[in-house]
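*Asks:* I'll drop the sequence and a predicted model, then ask my questions.
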Amino acid sequence: MSVAVLAGGVGAARLLKGLVEVVEPARLTVVANVADDIVLHGLHISPDIDTVVYTLAGAIDPERGWGLAGETWQAMEGLRRYGGVDWFNLGDRDLATHLFRTQRLSEGASLAEVTAEIVAAWGLDLRVLPVTEDPLRTMVTVVDEGEIGFQEYFVRRRHDVAVRSVRIDGAERARPAPGVLEAIDGADRLVIAPSNPIVSIGPLLAVPGVREAVVARRDDTVAVSPIIAGAALKGPADRMLAELGHEASVVGIASLYAEIAGTLVIDEADADKAAAVEELGMRCLVRPTVMSRPGVTVSLARAVLGLEG
């Protein structure tokens, strides 16, 4: 079975950890969000790609859910001494990834090529594709402040400010990266990971051609709800949905995904909402989805791929 996964953030990385246990990694393609990317200290940083790679390599910091385990922070300490920009923490080991990426991009390599080199360096066999190699940035308009970049909202403001709107800058000019549309079209199963639908999955679908490709595969597409019992396990997805006028529930997720996914997987805590999901024209699977619990990651992966029993 070949599988393509639309991914962004920690929830996606955890599901992928289960998927590589039940699918041959070489048959797995990740289409990753790059609208969270930021250039800082002259370095090109791709947080969602790196979280996927570090998690699957078993190198992620398990407590933070981002960055590398066993980090030291001497570079950041030195930067603070000089009064430099220090609100976006980069560990000493993690810096090597960004230094390498930036160097290769400056040499003319494409973001897809560099990503493949990073994936291979960590000994991983799956394919990780940036959704686009063109500039794509999530911009967030927040109350009393105006429009700021996503990392300014998420990290510097600790996503603790109300959101008025979200805009994907550059989307109208972006083109899918090489292999993206082919991966979506050729997969036996297309999976929408349990990522923030607005700022993780939304940017992928905003790239011209991607949403249309996913809609064409709707019957073979399974989405996993990032909302459980009205809340996000991590991050601001629940608050952001409510602030932007959506219902912060599995029914709200179903409303956003009904056009692009034939099936929605929801947690047992939301079993009473399964009928409401199905009224929106989606098949609803009720399964354990909290992947911090023992065994859930693999069982969820098997359910998503229809390999139960």
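*Replies:* Looks like it arrived, so ask away.

*Asks:* which residues of the stretch 51-200 of the chain fall in helices?
*Replies:* Assigned by DSSP state H, counting those that start in this stretch, the helices in the stretch 51-200 of the chain fall at 74-81, 92-106, 111-121, 150-151, 180-186.

*Asks:* which of those sits closest to residue 199?
*Replies:* With CB to CB as the criterion, residue 199 lies closest to helix 150-151 of the helices of the stretch 51-200 of the chain, at 6.2 Å. No exception for glycine: its C-beta is placed from N, CA and C like everyone else's.

*Asks:* ok now whichever helix or strand residue 242 is part of, how far from the chain's centre?
*Replies:* Using DSSP states H and E, residue 242 maps to helix 237-243. Centroid separation for helix 237-243 versus its chain: 17 Å, with CA atoms, centre = their mean, to the nearest Å.

*Asks:* so which elements touch it?
*Replies:* strand 163-169, strand 227-228, strand 231-232 (3 or more CB pairs under 8 Å, 6 or more residues apart in numbering; DSSP states H and E).

*Asks:* how about those strands, which one is nearest residue 110?
*Replies:* Residue 110 lies closest to strand 163-169 among the helices and strands packed on helix 237-243, at 20.3 Å (CB to CB).

*Asks:* just the buried residues of the closest one, please?
*Replies:* For strand 163-169, a neighbour-count test (16 or more other CB atoms under 10 Å) marks 163, 166, 168-169 as buried.

*Asks:* and the helices of the stretch 51-200 of the chain as TSV, adding mean pLDDT and mean neighbour count?
*Replies:* Formatted as TSV, the helices of the stretch 51-200 of the chain follow (pLDDT from 0 to 100; neighbours: other CB atoms under 10 Å):
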stretch	mean pLDDT	mean neighbour count
helix 74-81	96	12
helix 92-106	98	16
helix 111-121	98	18
helix 150-151	95	22
helix 180-186	98	18
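
*Asks:* these: which one's closest to residue 130?
*Replies:* The minimum distance between residue 130 and those falls on helix 111-121, with 4.9 Å, by CB to CB.

*Asks:* that closest one vs helix 92-106, what angle?
*Replies:* 140 degrees (axes from the mean of the first three to the mean of the last three CA atoms, to 10 degrees).

*Asks:* and helix 111-121, what other elements does it pack with?
*Replies:* The contact analysis (3+ CB pairs under 8 Å, 6+ apart) places helix 111-121 against helix 47-56, helix 92-106, strand 127-130.

*Asks:* could you dump those into a markdown table with distance to residue 21 added?
*Replies:* Output for the helices and strands packed on helix 111-121, formatted as a markdown table (distance: least, CB to CB, whole Å):
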| stretch | distance to residue 21 |
| --- | --- |
| helix 47-56 | 11 |
| helix 92-106 | 25 |
| strand 127-130 | 17 |
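
*Asks:* residues in contact with the closest residue to residue 89 other than its chain neighbours?
*Replies:* Excluding the flanking residues, the one nearest residue 89 by CB to CB, 6 or more residues apart in numbering is residue 76, at 5.9 Å. For residue 76, the contact set (CB atoms under 8 Å, 6 or more residues apart in numbering) comprises 86, 89-91.

*Asks:* buried subset of those as a ChimeraX selection?
*Replies:* Buried members of those can be picked out in ChimeraX with the line below, counting by 16+ other CB under 10 Å:
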select :90,91
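
*Asks:* what comes into contact with the helix holding residue 242?
*Replies:* For helix 237-243, the external contacting residues (CB under 8 Å, 6+ apart) are 159, 162-164, 166, 196-199, 226-227, 230-232, 247-248, 252.

*Asks:* what's the local residue count around the residue nearest to residue 168 when sequence neighbours are not counted?
*Replies:* Nearest residue to residue 168, sequence neighbours excluded (CB to CB, 6+ apart): residue 206, at 4.3 Å. By other CB atoms under 10 Å, 21 other residues sit near residue 206.

*Asks:* pull the contacting residues for residue 206.
*Replies:* Counting by CB under 8 Å, 6+ apart, residue 206 makes contact with 35, 136, 168, 171, 174.

*Asks:* name the member of these with the most neighbours.
*Replies:* Top of those by neighbour number is residue 35, holding 29 neighbours under the definition other CB under 10 Å.

*Asks:* surely it is in a helix?
*Replies:* No: the assignment for residue 35, made by DSSP: H, G, I helix; E, B strand; the rest coil, is coil rather than a helix.

*Asks:* that one and residue 201: what is the separation?
*Replies:* 10 Å (CB to CB, to the nearest Å).

*Asks:* what about stretch 122-141, average pLDDT?
*Replies:* For stretch 122-141, the mean pLDDT works out to 98.

*Asks:* now the end-to-end length of that stretch.
*Replies:* This stretch, stretch 122-141, spans 37 Å end to end (CA to CA, to the nearest Å).

*Asks:* quick one: low-confidence ranges for this structure?
*Replies:* The chain contains residues with pLDDT under 70 at 309.

*Asks:* 90 - rerun?
*Replies:* 9-11, 62-66, 144, 233-235, 292-294, 307-309 (pLDDT under 90).
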